[in-house]
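Novice: Predicted model and sequence below, questions to follow.
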Amino acid sequence: MGKYFGTDGFRGEANKDLTFEHAVKIGRFLGWYYGKRIDKKCKVVIGKDTRRSSYMFEYALCTGLMASGADAYIMHVTTTPSVAYITRVDDFDCGIMISASHNPFYDNGIKLLNGNGEKMDEETILMVENYIDGTLDIPLAEREEIGRTVDYVSGRNRYIGYLISMSKYSFKDKKVGLDVANGAAWSIAKSVFDALGAKTYVMNDEPNGLNINTDCGSTHIEHLQKFVVENGLDVGFAYDGDADRCLCVDEKGNVVTGDHIMYIYGLYMKERGKLINNKVVTTVMSNFGLYKALDKVGIEYEKTKVGDKYVYENMVQNGHRIGGEQSGHIIFTKYATTGDGILTSLKLMEVMLAKEKPMSELAAPVVFYPQVLKNVRVKSKPDAQNDPDVQAAVAKVAEELGDNGRILVRESGTEPVIRVMVEAGTHEECEKYVDDVIEVIKQKGHIA
């Protein structure tokens, strides 16, 4: 990770951590850099979520791009995966999404995508950061070389058509709940489900710039749980602010997490001979219950660092077809280069209709193990993590858990913290084993 950009873009409080000037400079660099590479006018496509500050950042990015000679194509309010899709299929030099995903409205972020609709490479990101810090001079475009903006809402409409084409089944007579989080899915999700014949019930679809993710969406799924039960719906789907993640609620009001989704669709692929390499790609934070369920049906799995970026990298490098995170970032590499919440919900509908089973039955084999996660502030993360006595304590817990649980000790990527997590048969076991390891960390003098 760089100085400004993390694993999911440049994110922070609008005009405090991430400012208008930052956005202008990002646009300036990208317009110049890609124009220089292709030796012709650069084309960049931009989307945004519903935050009040997204409009400011949109204009700032456009200003920077045009000043460097690029044309900025504006998709307006749309989802991150739609920008990734249009960047790829409409041959843009790069794509930009303005969103802070599931964060509150006063935060915002700028996500950069390469011409393939994938997260931009670290080398280019580093050059962007160098320009932000003033270590590079870029000429201004002049006369006919100055860029322009182009209204590109047609790109969003074409993406809607693409999603509709993904479904093999009519959703007729299915009652579906959608929590669009007052975010980017507001302008897309209902249109897709309506077109496929569902009886669609939508909540949190009145964005005002200040209410994105506020007590709604995938981070507050309890409201959709209640909504599904009260309205007697067959299933419900909740998205986050930029709709790159999806969580589900079954007809009984139970939450179906990203882990459940990977199991449900991974098994569906395996049964049809579509699960290439017979593997699902997870992060280390997936629940032990997922791995037990996958073991029972003979599906193998990979474990990456936390972050959909790492999941996607593993999938591309090894040719895997499905992967994701418990939070609902699910990636289907045959259809998308990023997590796509609406696509994920369509794929779950496909399994329900193909198997003619309710969502509760499809998700039932994944039984979550109790989990306890505690953060320990330390003087040095590497010293604490690599201490022989700490490692011995971790190994002892792992041995005692055997096949009935697991322990994970990892460093935080952003804080001076070691995270100790245990999953076991009971909450009491989890507490005991976590505290045993933390006690050794204390005894060895690593606590800050």
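Specialist: Noted; the coordinates are in hand.

Novice: Tell me the predicted confidence for Gly413.
Specialist: On the pLDDT scale, Gly413 is placed at 68.

Novice: and the longest helix anywhere in the chain, how far out from the chain's middle?
Specialist: When the chain is scanned for its longest helix (criterion: DSSP state H), the result is helix 20-38. Using CA atoms, centre = their mean, to the nearest Å, the mean C-alpha position of helix 20-38 is found 25 Å from that of the whole chain.

Novice: packing partners for it?
Specialist: Helices and strands in packing contact with helix 20-38 are listed as strand 43-48, helix 52-67, strand 94-98, strand 107-113, helix 122-132; criterion 3 or more CB pairs under 8 Å, 6 or more residues apart in numbering; DSSP states H and E. In this view, the C-beta of every residue, glycine as well, is placed from N, C-alpha and C.

Novice: Show me the shaky parts of the stretch 1-150 of the chain.
Specialist: 1, 38-39 (pLDDT under 70).

Novice: hmm, try it at 90
Specialist: In the prediction, the stretch 1-150 of the chain carries residues with pLDDT under 90 at positions 1-3, 6-8, 36-41, 134-136.

Novice: how long is stretch 84-102 end to end?
Specialist: Taking CA to CA, to the nearest Å, stretch 84-102 runs 18 Å from one end to the other.

Novice: which residues touch the longest helix of the chain?
Specialist: Under the criterion CB atoms under 8 Å, 6 or more residues apart in numbering, residues 4, 10, 41-42, 44, 56-57, 60-70, 72, 93-94, 96, 110, 112, 124, 127-128, 131-132, 136, 138-139, 141, 147 lie in contact with helix 20-38.

Novice: Quick one, which of those are buried?
Specialist: 4, 10, 41-42, 44, 56-57, 60-70, 72, 93-94, 96, 110, 112, 124, 128, 131-132, 138, 141, 147 (16 or more other CB atoms under 10 Å).

Novice: Gly161 is in what secondary structure piece?
Specialist: In this structure, Gly161 sits in helix 153-166 according to DSSP states H and E.

Novice: avg pLDDT for that helix?
Specialist: Helix 153-166 shows an average pLDDT of 96 in the prediction.

Novice: quick one: contacts for the residue nearest to the spatial centre of the chain?
Specialist: Nearest to the mean C-alpha position of the chain, by CA atoms, centre = their mean, lies His329 at 4.2 Å. Taking CB under 8 Å, 6+ apart, we find His329 in contact with 244-245, 258, 308, 311, 339.

Novice: Give me the nearest residue to it, chain neighbours excluded.
Specialist: Spatial nearest neighbour of His329, chain neighbours left out: Gly339 (3.7 Å); criterion: CB to CB, 6 or more residues apart in numbering.

Novice: tally of neighbours for the nearest residue to Thr87 once chain neighbours are set aside?
Specialist: Take Thr87 and drop its neighbours on the chain: the residue closest to it by CB to CB, 6+ apart is Gly95, 3.4 Å away. Other residues within reach of Gly95, judged by other CB atoms under 10 Å, total 29.

Novice: Name whatever forms a beta bridge with Gly95.
Specialist: Beta-bridge partners recorded for Gly95 (DSSP bridges): Val45, Leu113.

Novice: contact partners of the host helix or strand of Gln385?
Specialist: Using DSSP H and E, Gln385 maps to helix 381-386. Contacts to helix 381-386, defined as CB under 8 Å, 6+ apart, come from residues 376, 378, 390, 409-412, 416-418, 441, 444, 446.

Novice: ok so Val176 is a strand residue?
Specialist: Yes: assessed by DSSP: H, G, I helix; E, B strand; the rest coil, Val176 belongs to a strand.

Novice: Can you report how many residues lie near it?
Specialist: 23.

Novice: cool, Gly6 as well?
Specialist: In terms of burial, Gly6 registers 17 neighbours under the definition other CB under 10 Å.

Novice: any idea how far Val397 is from it?
Specialist: For Gly6, the distance to Val397 under the criterion CB to CB, to the nearest Å works out to 31 Å.

Novice: on that earlier part again, of the helices and strands packed on helix 20-38, which approaches Arg272 most closely?
Specialist: Distance to Arg272, taken as CB to CB, is lowest for strand 107-113 among those, at 30.8 Å.

Novice: my guess is Val306 contacts Gly324, does it?
Specialist: No: counting by CB atoms under 8 Å, Gly324 is not a contact partner of Val306; they are 11.7 Å apart.

Novice: Quick check: Val372 touching Met421?
Specialist: Yes: counting by CB under 8 Å, Val372 does reach Met421; the two are 7.1 Å apart.
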